[in-house]
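A.B. asks: using only what follows, build the 3D model:
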Amino acid sequence: MSLAISVYEKRGLKRGPAITDANFAAVSTMLVIYNIPLRATGGGPLGGPTYQVETPRGLENATWTLRVASPRHNAWDFSVRDGETHDVWLSPR
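C.D. replies: Purely as a prediction, here's the structure:
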């Protein structure tokens, strides 16, 4: 199972250009700390802003926290469930 995540740069109150170098991780918000890098397909310079992010094993039926980041943008954490679609706007650093 997977998530469809579209990643864009935030430009004030508007959506900016697509971010083609996004990375994804499952992160904890509890006492036990984990930061699991996730495999994403699609996106990139030729694939556009939409990535298919694989749901981590064991979290298929749960709500979990996804971190979306880019080398030139601030990271954003939000709750997701398997099969959802999200648009993410990241602020430049």
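A.B. asks: now the helices for the chain?
C.D. replies: Using DSSP state H, the helices of the chain run over 44-47.
A.B. asks: quick one: the strands in it?
C.D. replies: If DSSP state E is used as the criterion, the strands of the chain fall at 2-11, 14-18, 23-27, 35-37, 40-43, 48-54, 64-70, 73-80, 85-90.
A.B. asks: what angle separates the last one from strand 23-27?
C.D. replies: Read it as strand 85-90. Counting by axes from the mean of the first three to the mean of the last three C-alpha atoms, to 10 degrees, strand 85-90 points 110 degrees away from the direction of strand 23-27.
A.B. asks: identify each buried residue in strand 85-90, please.
C.D. replies: 88, 89, 90 (16 or more other C-beta atoms under 10 Å). Just so you know, the C-beta spots here come from the backbone N, C-alpha and C atoms, and that holds for glycine as well.
A.B. asks: as a markdown table, the residues you listed with pLDDT and distance to residue 18 would be great.
C.D. replies: Formatted as a markdown table, the buried residues of strand 85-90 follow (pLDDT from 0 to 100; distance: C-beta to C-beta, whole Å):
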| residue | pLDDT | distance to residue 18 |
| --- | --- | --- |
| 88 | 95 | 11 |
| 89 | 96 | 11 |
| 90 | 96 | 11 |
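A.B. asks: no further questions, thank you.
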